[in-house]
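> fold the following for me, if possible:
(chains A and B)
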There are 2 protein chains.
Amino acid sequence: MSASSPLLAELIDALRCLPGVGGKSAQRMAIQLLERDRGGGRRLASALEQAMERIGNCSRCRNFSEDEVCAVCANATRDPHILCVVESPSDLAAIEQATGYRGQYFVLLGRLSPLDGTGPEELGLHALAARLEEGEISEMIIATNPTVEGEATAHYLGRLASAAGIRATRLAHGVPLGGELEYVDRSTLAHAFGGRQAVE
Amino acid sequence: MSASSPLLAELIDALRCLPGVGGKSAQRMAIQLLERDRGGGRRLASALEQAMERIGNCSRCRNFSEDEVCAVCANATRDPHILCVVESPSDLAAIEQATGYRGQYFVLLGRLSPLDGTGPEELGLHALAARLEEGEISEMIIATNPTVEGEATAHYLGRLASAAGIRATRLAHGVPLGGELEYVDRSTLAHAFGGRQAVE
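Alright, predicted model coming up:
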């Protein structure tokens, strides 16, 4: 391919920066855009450029935002007393889409991982502690992922909350909806069993 | 997501023009670029813009090219007497990468498909016929895909070649390397059986 068009070779190579896109997919994407959707390609180019240049992080919750303070933080109708802490903007998006949560967020942009050099500094935990000290938050929902590092982060966050005298809660672990007990992994089942609730 | 950043929502939506990319993948791509690879994102934006604006089709072989005549057609060291006809630039790339073919190409940018309104006009078959009439080509290799429409196109191309008194050849059909006879589909096996060759 490179022999026939350097620009095309460059495009194919550049497309490989996308996650999950290898050489073959990149070639297919480039050729399909050129053959059938140049308008879409142009629109993607300008959206990429704008996003890379202008999207920063909200100074309050660290979520992606092109403004100093993101739309969620700036929204006066949201409950200022509950704070949900997530690892990444995609977790925030998932919670926004799936639940009716109307409180505040704090995005860690990572999880505690000493081996990778990610400590409390990188996760902005000082800013979080300062925000908890403000006294407006009454509940902190810890919504880190149920992985080893996510659990360690949750533990750290729980200590932060108790130091500020704030109630900390975690997302419930248990059997996923639509799952069958037979196929649920042991530790999830143990969690679900231990966390059984009274039938109302 | 859209609530927190309109630019991000726009980027996620624009990424969906890529083949095989749905809402979830687009969101993952956008967030990964923003979190970890803004340089790659900027490079992709500029490569896309350049490619969409400047890549046209070679006036001789119809392959993608940013110049009037593509590098393959302009290459004086390539054999001017053999012409390989393919459906798309990706087929050309596959042949270039896999074989030592050093002749010319002609790219149809499609296949005969009357139901979709793709006739000889759209495939540039008049230009191809004119080129065959020039008298320089002595063999035309028909490398359309072995699909129903590809076969119909091959049949048409064969007639074009015989009208110009040029020898036409087709890629060999048969058992793929590394395949097992047991699992090869019937018509491929029948082709391979019919086209058996003498052991040298």
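> can you give me the buried ones in the helix or strand of chain A with the lowest mean pLDDT?
When each helix and strand of chain A is scored by mean pLDDT, DSSP states H and E, helix A:186-194 comes last, with a mean of 85. By 16 or more other C-beta atoms under 10 Å in any protein chain shown, the buried positions in helix A:186-194 come out as A:189, A:191, A:192. Yep, even glycine has a C-beta here, placed from its N, CA and C like the rest.
> show me the shaky parts of chain A.
A:1-4 (pLDDT under 70).
> please parse it into its domains.
Split into domains by automatic domain parsing, chain A comes to A:6-54, A:80-170.
> which of these sits closest to chain B?
Closest to chain B of the domains of chain A, according to C-beta to the nearest C-beta: domain A:6-54, at 3.2 Å.
> next up, the contacts around residue A:48.
Counting by C-beta atoms under 8 Å, 6 or more residues apart in numbering or on different chains, residue A:48 makes contact with B:11, B:14, B:33, B:41, B:42, B:44, B:45, B:48.
> the host helix or strand of it vs helix B:38-54, what angle?
Here residue A:48 is covered by helix A:38-54, with elements defined by DSSP states H and E. Relative orientation of helix A:38-54 versus helix B:38-54 (axes from the mean of the first three to the mean of the last three C-alpha atoms, to 10 degrees): 150 degrees.
> check which residues of helix A:38-54 are buried.
Under 16+ other C-beta under 10 Å, the buried positions of helix A:38-54 are A:40, A:41, A:42, A:43, A:44, A:45, A:47, A:48, A:49, A:50, A:51, A:52.
> now check the next helix or strand after that helix, is it near chain B?
Counting by DSSP H and E, the element after helix A:38-54 in chain order, helix or strand, is strand A:56-57. No - shown here: strand A:56-57 not in contact with chain B (C-beta under 8 Å from any C-beta of the partner chain), separated by at least 9.4 Å.
> same thing with stretch A:119-133?
No - in terms of C-beta under 8 Å from any C-beta, no part of stretch A:119-133 sits within range of chain B; the closest distance is 12.3 Å.
> distance across that stretch, terminal residue to terminal residue?
21 Å (C-alpha to C-alpha, to the nearest Å).
> now tabulate the buried residues of helix A:186-194 in TSV and tack on distance to residue B:161.
Putting the buried residues of helix A:186-194 into TSV (distance: C-beta to C-beta, whole Å) gives the following:
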residue	distance to residue B:161
A:189	68
A:191	70
A:192	70
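> report the backbone C-alpha coordinates of stretch A:136-156 in CSV.
Presented in CSV, the C-alpha positions along stretch A:136-156 are these (Å, rounded to 0.1, in the frame of the first residue of the first chain):
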residue,chain,number,x,y,z
GLU,A,136,-20.8,20.0,52.4
ILE,A,137,-20.5,16.3,51.6
SER,A,138,-22.4,13.9,53.8
GLU,A,139,-22.0,10.6,51.9
MET,A,140,-19.2,9.4,49.7
ILE,A,141,-20.1,6.5,47.3
ILE,A,142,-17.0,4.5,46.4
ALA,A,143,-17.5,3.2,42.9
THR,A,144,-14.1,1.9,42.1
ASN,A,145,-13.9,-1.3,40.0
PRO,A,146,-14.0,-4.7,41.9
THR,A,147,-10.4,-5.5,41.0
VAL,A,148,-7.4,-5.9,43.4
GLU,A,149,-6.2,-2.4,42.7
GLY,A,150,-9.8,-1.0,42.8
GLU,A,151,-10.3,-2.6,46.2
ALA,A,152,-7.1,-1.2,47.5
THR,A,153,-8.2,2.2,46.3
ALA,A,154,-11.6,1.8,47.9
HIS,A,155,-9.9,0.9,51.2
TYR,A,156,-7.8,4.1,51.0
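> re the thing from before, how about the CA coordinates for the least confident helix or strand of chain A, as CSV?
Listed next in CSV are the C-alpha coordinates belonging to helix A:186-194 (Å, rounded to 0.1, in the frame of the first residue of the first chain):
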residue,chain,number,x,y,z
ARG,A,186,-17.3,-18.4,43.7
SER,A,187,-16.2,-15.1,45.3
THR,A,188,-19.1,-13.2,43.8
LEU,A,189,-21.5,-15.9,45.1
ALA,A,190,-19.9,-15.7,48.5
HIS,A,191,-20.3,-11.9,48.5
ALA,A,192,-23.9,-12.2,47.4
PHE,A,193,-24.6,-14.8,50.1
GLY,A,194,-22.9,-12.8,52.8
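> so how far is that helix off the chain centroid?
What separates the centre of helix A:186-194 from the centre of its chain is 25 Å, taken as C-alpha atoms, centre = their mean, to the nearest Å.
> contacts for that helix next, please.
A:173, A:174, A:175, A:176, A:181, A:184.
> pull the most distant pair out of the contacts of residue A:48.
Using C-beta to C-beta, the contacts of residue A:48 reach their maximum pairwise distance at B:14 and B:42, which is 14.9 Å.
> ok, now how distant is the residue nearest the centre of chain A from residue B:181?
In chain A, the residue lying closest to the centroid (C-alpha atoms, centre = their mean) is residue A:88, at 2.1 Å. Per C-beta to C-beta, to the nearest Å, residue A:88 is found 50 Å from residue B:181.
> for residue A:183, same thing?
For residue A:183 relative to residue B:181 (C-beta to C-beta), the value is 38 Å.
> can you give the distance of stretch A:152-162 from its chain's centre?
That offset, for stretch A:152-162, works out to 18 Å (C-alpha atoms, centre = their mean).
> what's the closest non-adjacent residue to residue A:150?
residue A:144 (3.9 Å; C-beta to C-beta, 6 or more residues apart in numbering or on different chains).
> so what's the one you found up against?
With C-beta under 8 Å, 6+ apart, residue A:144 has these contacts: A:85, A:86, A:87, A:108, A:111, A:150, A:151, A:153, A:154, A:157.
> just give the number of residues close to the third one.
If I follow you right, that is residue A:87. Residue A:87: 20 surrounding residues under other C-beta atoms under 10 Å in any protein chain shown.
> would you list every one of the strands in chain A?
Assigned by DSSP state E, chain A shows strands spanning A:56-57, A:64-65, A:82-86, A:104-107, A:139-142, A:167-170.
> give me the contact list for the fourth one.
Going back to what we said before, that points to strand A:104-107. For strand A:104-107, the surrounding residues in contact (C-beta under 8 Å, 6+ apart) are A:57, A:61-63, A:72-73, A:78-80, A:82-89, A:91-92, A:124, A:128, A:131, A:137.
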